[in-house]
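J.: Got a predicted structure here, sequence first:
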Amino acid sequence: MTYRIELQRDLCISSGRCVAESPEVFRFDDDEIVELVPGGPRPADEQIFAIARDCPSGAVRVFDGDEEIDVH
């Protein structure tokens, strides 16, 4: 199964957990808001869920097609 990550940038509180855990996937923009690294690798499914669960603001969301997956 292929999951995808979407970021709710307006919810991001710049905690940096996602950037620290997966700097090849996430980075901060000039406003210190998380974004996906262009052309970055796709994390393994278990890593996607762990990153989303660890986001304190809920800004990292996981989808299976058009359906959002509850990671908590």
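T.: Happy to help now that I have it.

J.: Start from the N-terminal end of this protein and give the helices.
T.: Per DSSP state H, the chain carries helices over the ranges 17-21, 45-54.

J.: chain center to the last one: distance?
T.: Right, the one you point to is helix 45-54. With Cα atoms, centre = their mean, to the nearest Å as the basis, helix 45-54 stands 8 Å off its chain's centre.

J.: same deal with stretch 65-72?
T.: Relative to its parent chain, stretch 65-72 has a centroid offset of 13 Å by Cα atoms, centre = their mean.

J.: Buried residues of that stretch, list them for me.
T.: Judged by neighbour count using 16 or more other Cβ atoms under 10 Å, the buried positions of stretch 65-72 are residue 71. (C-beta placed from N, C-alpha, C; glycine too.)

J.: Is it possible to get TSV of the helices of the chain that adds distance to residue 28 and mean pLDDT?
T.: Formatted as TSV, those follow (distance: least, Cβ to Cβ, whole Å; pLDDT from 0 to 100):
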stretch	distance to residue 28	mean pLDDT
helix 17-21	6	94
helix 45-54	15	93
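
J.: Can you say which of those is nearest to residue 36?
T.: Among those, helix 17-21 comes nearest to residue 36, with 9.7 Å by Cβ to Cβ.

J.: Could you dump the helices of the chain into TSV and include mean neighbour count and distance to residue 7?
T.: Formatted as TSV, the helices of the chain follow (neighbours: other Cβ atoms under 10 Å; distance: least, Cβ to Cβ, whole Å):
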stretch	mean neighbour count	distance to residue 7
helix 17-21	16	9
helix 45-54	16	10
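
J.: right, and these - which one's nearest residue 6?
T.: Nearest to residue 6 among the helices of the chain is helix 45-54; the distance by Cβ to Cβ comes to 9.9 Å.

J.: same for the closest one, what does it pack against?
T.: strand 4-7, helix 17-21, strand 60-64 (3 or more Cβ pairs under 8 Å, 6 or more residues apart in numbering; DSSP states H and E).
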